[in-house]
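J.: Let me see the structure of the following:
(chains A, B, C and D)
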There are 2 protein chains.
Amino acid sequence: MGEQRLKRPRMADVAREARVNRITVSRALSHPELVAEDTLERIRAAIARTGYVPNQIARGLKAEHSRIVSLITPPQMSGVYGAVLERLSAALYESGLIVNLFPVLDIEAQREAVLPELIGWKPAAIVIFGIQLTETARQSLLDRHTPVVELLNYRADSPDTCVGYDQAEATEILTDHLLDRGYRRIGYVHSANPLNIMNERRLSGFEKAITARKGTVRMLGGTRPAAPAADTWIAGTEIKCFPGFQAGYELMQHLHEHDRMPDALLYASDMVAVGALQYCLSHGLTPARDIGLCAVDGTELTSVIKPGLTSLDFPYERVVEYGAEQILRHVNDRTAAPERIRIPAKVLHRQTT
Amino acid sequence: MGEQRLKRPRMADVAREARVNRITVSRALSHPELVAEDTLERIRAAIARTGYVPNQIARGLKAEHSRIVSLITPPQMSGVYGAVLERLSAALYESGLIVNLFPVLDIEAQREAVLPELIGWKPAAIVIFGIQLTETARQSLLDRHTPVVELLNYRADSPDTCVGYDQAEATEILTDHLLDRGYRRIGYVHSANPLNIMNERRLSGFEKAITARKGTVRMLGGTRPAAPAADTWIAGTEIKCFPGFQAGYELMQHLHEHDRMPDALLYASDMVAVGALQYCLSHGLTPARDIGLCAVDGTELTSVIKPGLTSLDFPYERVVEYGAEQILRHVNDRTAAPERIRIPAKVLHRQTT
DNA sequence: CTGAAAGCGCTTACAG
DNA sequence: CTGAAAGCGCTTACAG
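T.: Now for the predicted structure:
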């Protein structure tokens, strides 16, 4: 009894039950449209009776690709990335695809090394977010006709399928929002990780909004920056900051204690912004009045925190929904052309600006 | 040129380069201790020269198990689970193991169905957290000698390897903390998901602390509970609440508006607690004085929020570190005995109690 | 310590 | 619409 359980039914067992060849069973599973309806019915019944579950490993060996979707994940899974990952893996699982995690550090060499390893799993598709592939990496994927889908970042000139909002536009409309509300010396706080493609585009949107009003954008390195110059009418400053609540708290503390407060701060990360907000609340600074605060990442946290943090209004659910659709489209047709889906975002004005 | 790039080197190519048989190359990779040092050296050089990367799919077909670690993930990846997942996948990746995500819903049937599928990938190990396996599920894994490692939940009587803190003790010491500080009518707020094994143990710790002081524990279903009875000296109430910031906010609102406030609330989830805290701050309720608040999940959020939320002080990093160690131990020796690692936790007293 | 044989469980051409 | 043959790239006994 216990011994028998050790042997899972194989495709041959199903074939015997259904009185067809193993090939036909395989076809019924992979290309049911090529199999006659009554044969299909017999095979389905046999599968149910035997409790057959395909061996995915064997399938992937001969097949052009496995049922694996490789996700190259940036560090920092809690927050937006975690929410997207959770929903994406559930959506793909329903379609019989399994998500594999390939974590990469903020190191170029490691990012290069992950590719051959990843290809060894013959993924049906590759999903990236918060990460930029190197040119050689992209080329080797193209050579294997492995589709790449980028989430959370729309670019009109993307070589791959992408689903997201325009990062440059996001920071531009948020900066315009700050300028419209009268803030003049504005800092843009982000991690400045050069491997995160979003950073560059976000910064460019910030610059665009500032310079459009004849302002100056100054780049200040480090996590202990000086304030934007007070002698220009409009000044934008890039401020680098490690991710996380604590770093946001400490950055604000530094600016406050060294009397280098700008009029407003635009944060790439909601967590860093919330950390800053907590500093303000516990040190007599009134958000909006003493300092404007807003964040690009508009998670649930920004809406439930008091005072509510002004942020981008952006439907993550739809990114996952469309993203999963696109992945399936490419898995079913490896020669499908890339599609670029721009999901509009707008400013959600709350109490911190 | 471009054509050649399409063909990855295979094991046979390395064997030719190193002037050995393919089998020896295979052995050098899987069981290097069985290969002579100089042969090993030649093979290593050949691998470097050819740029060979093993085809993991082919490996898994004949091998007893693949290099996949299957993670059965509960919903809610943002928060603690996301942080653990991120670090675990990075740690395992360094050892050549890839994490596969098997998302399960809070539905028993779906949880049963995932197992055969999961086994189809011949995982080297299975990792669970926040989820309880059914007895038939565990049995079928045992039959295949697939090791199971449970994270974040220590149980002395666990049949599998586990690394975490004692959930019952966690809520017991937090409840004791509340009682010591004078709170008498205490509610325990959690998702009450019957598939999450932690819930049961956490609830038992809460009950134990209450009854130890001659209190009564009453179970109130639903998300709109009545307050604990005021006529008993000590009263504990179980309150069910959906996860997330917003749900915590709304629950507190309900208790407040219907004049059903207990003295203190103990939350399973830090996010729910933070949502409740935000309600208090914006409705004239002073945490600690008007209502004591504390949470089991002691994430960075609880420490950076103002006022700081009393929570469990628990080293997640070590769970991942020990967890990865245990997984590797079982992968290298499938007959290894389960080990139960209890990581102590203590109360981190902040400003909300 | 190293090698010749067989096979893991499927899928992909190719016939019919 | 269905089937006989070959093979995907490795690993596992078994010899020597």
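J.: buried set for whatever helix or strand residue A:15 lives in?
T.: Under the criterion of DSSP states H and E, residue A:15 resides in helix A:11-18. Buried residues in helix A:11-18, counting neighbours by 16 or more other Cβ atoms under 10 Å in any protein chain shown, are found at A:11, A:13, A:14, A:15, A:17, A:18. (Each C-beta comes from the backbone N, C-alpha and C, glycine too.)
J.: Grab the CA positions of it and hand them over as PDB.
T.: Extracted in PDB, the C-alpha atoms of helix A:11-18 (Å, rounded to 0.1, in the frame of the first residue of the first chain):
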ATOM      1  CA  MET A  11       1.800   9.700 -18.900                       C
ATOM      2  CA  ALA A  12       2.000   6.000 -20.100                       C
ATOM      3  CA  ASP A  13      -0.500   5.100 -17.400                       C
ATOM      4  CA  VAL A  14      -2.900   7.600 -18.600                       C
ATOM      5  CA  ALA A  15      -2.400   6.500 -22.200                       C
ATOM      6  CA  ARG A  16      -3.200   2.900 -21.300                       C
ATOM      7  CA  GLU A  17      -6.300   3.900 -19.400                       C
ATOM      8  CA  ALA A  18      -7.500   6.000 -22.300                       C
END
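J.: any idea which helix or strand comes after that helix?
T.: Next along from helix A:11-18, by DSSP H and E: helix A:22-30.
J.: If we go by neighbour counts, what in that next one is buried?
T.: Neighbour-count burial for helix A:22-30, with 16+ other Cβ under 10 Å as criterion, is recorded at A:24, A:25, A:26, A:27, A:28, A:29.
J.: Taking helix A:11-18 as reference, get the angle to that helix.
T.: Orientation of helix A:22-30 against helix A:11-18 (axes from the mean of the first three to the mean of the last three Cα atoms, to 10 degrees) gives an angle of 100 degrees.
J.: got the contact list for helix A:22-30?
T.: For helix A:22-30, the surrounding residues in contact (Cβ atoms under 8 Å, 6 or more residues apart in numbering or on different chains) are A:11-12, A:14-15, A:18, A:34-35, A:39-40, A:43-44, A:46, A:54, A:63.
J.: chain center to it: distance?
T.: 36 Å (Cα atoms, centre = their mean, to the nearest Å).
J.: Kindly export that helix (C-alpha atoms) in PDB.
T.: Listed next in PDB are the C-alpha coordinates belonging to helix A:22-30 (Å, rounded to 0.1, in the frame of the first residue of the first chain):
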ATOM      1  CA  ARG A  22       1.500   8.500 -25.000                       C
ATOM      2  CA  ILE A  23       2.000  11.000 -27.700                       C
ATOM      3  CA  THR A  24      -1.700  11.700 -27.900                       C
ATOM      4  CA  VAL A  25      -1.800  12.300 -24.200                       C
ATOM      5  CA  SER A  26       1.000  14.700 -24.500                       C
ATOM      6  CA  ARG A  27      -0.800  16.500 -27.300                       C
ATOM      7  CA  ALA A  28      -4.000  16.600 -25.300                       C
ATOM      8  CA  LEU A  29      -2.100  18.500 -22.600                       C
ATOM      9  CA  SER A  30       0.000  20.800 -24.700                       C
END
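J.: check whether it contacts DNA strand C.
T.: Yes - using Cβ under 7 Å from any atom of the strand, we find that helix A:22-30 touches DNA strand C at A:22, A:23, A:25, A:26, A:27, A:29, A:30.
J.: okay if I get these as JSON lines plus pLDDT and distance to residue A:330?
T.: What follows is the residues of helix A:22-30 next to DNA strand C, written out as JSON lines (pLDDT from 0 to 100; distance: Cβ to Cβ, whole Å):
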{"residue": "A:22", "pLDDT": "89", "distance to residue A:330": "29"}
{"residue": "A:23", "pLDDT": "91", "distance to residue A:330": "26"}
{"residue": "A:25", "pLDDT": "93", "distance to residue A:330": "26"}
{"residue": "A:26", "pLDDT": "91", "distance to residue A:330": "22"}
{"residue": "A:27", "pLDDT": "91", "distance to residue A:330": "22"}
{"residue": "A:29", "pLDDT": "88", "distance to residue A:330": "20"}
{"residue": "A:30", "pLDDT": "83", "distance to residue A:330": "17"}
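J.: Distance to residue A:141 for the residues you listed - can I get that in a markdown table?
T.: Listed next are the residues of helix A:22-30 next to DNA strand C as a markdown table, based on distance: Cβ to Cβ, whole Å:
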| residue | distance to residue A:141 |
| --- | --- |
| A:22 | 33 |
| A:23 | 31 |
| A:25 | 32 |
| A:26 | 27 |
| A:27 | 29 |
| A:29 | 27 |
| A:30 | 23 |
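J.: Report the two of these separated the most.
T.: The span of those, defined through Cβ to Cβ, is set by A:22 and A:30 at 12.4 Å.
J.: Check the buried residues of helix A:11-18 against residue A:85 and report the nearest one.
T.: Closest to residue A:85, out of all of these and judged by Cβ to Cβ, is residue A:11, at 32.4 Å.
J.: Give me the neighbour count for residue A:333.
T.: Using other Cβ atoms under 10 Å in any protein chain shown, residue A:333 has 10 other residues around it.
J.: Which pLDDT value belongs to it?
T.: Residue A:333 is assigned a predicted lDDT (pLDDT) of 82.
J.: continuing past the host helix or strand of residue A:238, what's the next helix or strand?
T.: Following DSSP H and E, one finds residue A:238 within strand A:235-240. The helix or strand immediately downstream of strand A:235-240 is helix A:245-257, counting by DSSP H and E.
J.: Identify the neighbouring strands of the helix or strand following that following helix in the sheet and state each direction.
T.: Once the chain leaves helix A:245-257, the next helix or strand it forms, by DSSP H and E, is strand A:264-267. Paired with strand A:264-267 in the same sheet, following DSSP bridges, are strand A:185-190 (parallel), strand A:292-295 (parallel).
J.: Highest mean neighbour count out of those strands?
T.: strand A:292-295 (a mean of 27; mean count of other Cβ atoms under 10 Å in any protein chain shown).
J.: Centre of the chain to that one, how far?
T.: Counting by Cα atoms, centre = their mean, strand A:292-295 is centred 22 Å from the centre of its parent chain.
J.: do stretch A:290-306 as well
T.: Worked out by Cα atoms, centre = their mean, stretch A:290-306 lies 19 Å from the chain centre.
J.: ok, and of the residues of helix A:22-30 next to DNA strand C, which contact DNA strand D?
T.: Among the residues of helix A:22-30 next to DNA strand C, the ones lying near DNA strand D by Cβ under 7 Å from any atom of the strand are A:23, A:27.
J.: Residue in the stretch 251-353 of chain A with the shortest distance to chain B?
T.: residue A:304 (3.8 Å; Cβ to the nearest Cβ).
J.: Just give the nearest non-adjacent residue to that residue, would you?
T.: In this structure, residue A:304 finds its nearest non-sequential neighbour in residue B:245, 3.8 Å apart by Cβ to Cβ, 6 or more residues apart in numbering or on different chains.
J.: pLDDT score for that neighbour?
T.: pLDDT at residue B:245 comes out at 82.
J.: Likewise for residue A:21?
T.: So residue A:21 comes in at 91 (pLDDT).
J.: my guess is it contacts residue A:15, does it?
T.: Yes - counting by Cβ atoms under 8 Å, residue A:21 touches residue A:15, with 6.0 Å between them.
J.: residues contacting residue A:103?
T.: Residue A:103 makes contacts with A:73, A:75, B:86, B:89, B:90, B:93, as judged by Cβ under 8 Å, 6+ apart.
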